[in-house]
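Colleague: Need the 3D shape of this:
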Amino acid sequence: MNMLKGLILVLTLMIPNTLYALELGTTKGTANYQTG
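Modeller: I've put the predicted structure just below:
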């Protein structure tokens, strides 16, 4: 169960960041992706 909770947490954190980067555009999104 802990692994499943961890996976859900990772997805919950990653998905909004990905959508945010896509909304900002490729240049800004790429910069954010490289910095982490």
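Colleague: quick one, helices of the protein?
Modeller: For the chain, the helices defined by DSSP state H cover 2-24, 26-35.
Colleague: Quick one: find the helix or strand in the protein with the lowest mean pLDDT.
Modeller: Lowest on mean pLDDT, DSSP states H and E among the helices and strands of the chain sits helix 26-35, with a mean of 59.
Colleague: Enumerate every residue touching Met1.
Modeller: Met1 makes contact with no residue under the criterion CB atoms under 8 Å, 6 or more residues apart in numbering. Where you see a C-beta, it was placed from the backbone N, CA and C, and this is true even at glycine.
Colleague: And it, how far from Thr18?
Modeller: 26 Å (CB to CB, to the nearest Å).
Colleague: now Leu7
Modeller: For Leu7 relative to Thr18 (CB to CB), the value is 16 Å.
Colleague: Name the residue in the two with the higher neighbour count.
Modeller: Under the neighbour definition other CB atoms under 10 Å, Leu7 and Thr18 were set side by side, and Thr18 has more, 13 against 10.
Colleague: Contacts only, for that one.
Modeller: Contacts of Thr18 (CB under 8 Å, 6+ apart): none.
Colleague: Report pLDDT for it.
Modeller: Note on Thr18: pLDDT of 81.
Colleague: Ile8 too?
Modeller: 90.
Colleague: Share the number of residues neighbouring it, please.
Modeller: Count around Ile8 with other CB under 10 Å applied: 10.
Colleague: Leu24 now?
Modeller: Leu24 has 13 neighbours, counted by other CB under 10 Å.
Colleague: next one: Lys5
Modeller: Neighbours of Lys5 under the rule other CB under 10 Å: 9.
Colleague: what does Ala21 give?
Modeller: Other residues close to Ala21 by other CB under 10 Å number 16.
Colleague: Start the count at 309 instead of 1 going forward.
Modeller: From this message on, residue numbering opens at 309, which makes the last subject Ala329.
Colleague: what's the spacing between it and Leu315?
Modeller: Ala329 is 21 Å from Leu315, by CB to CB.
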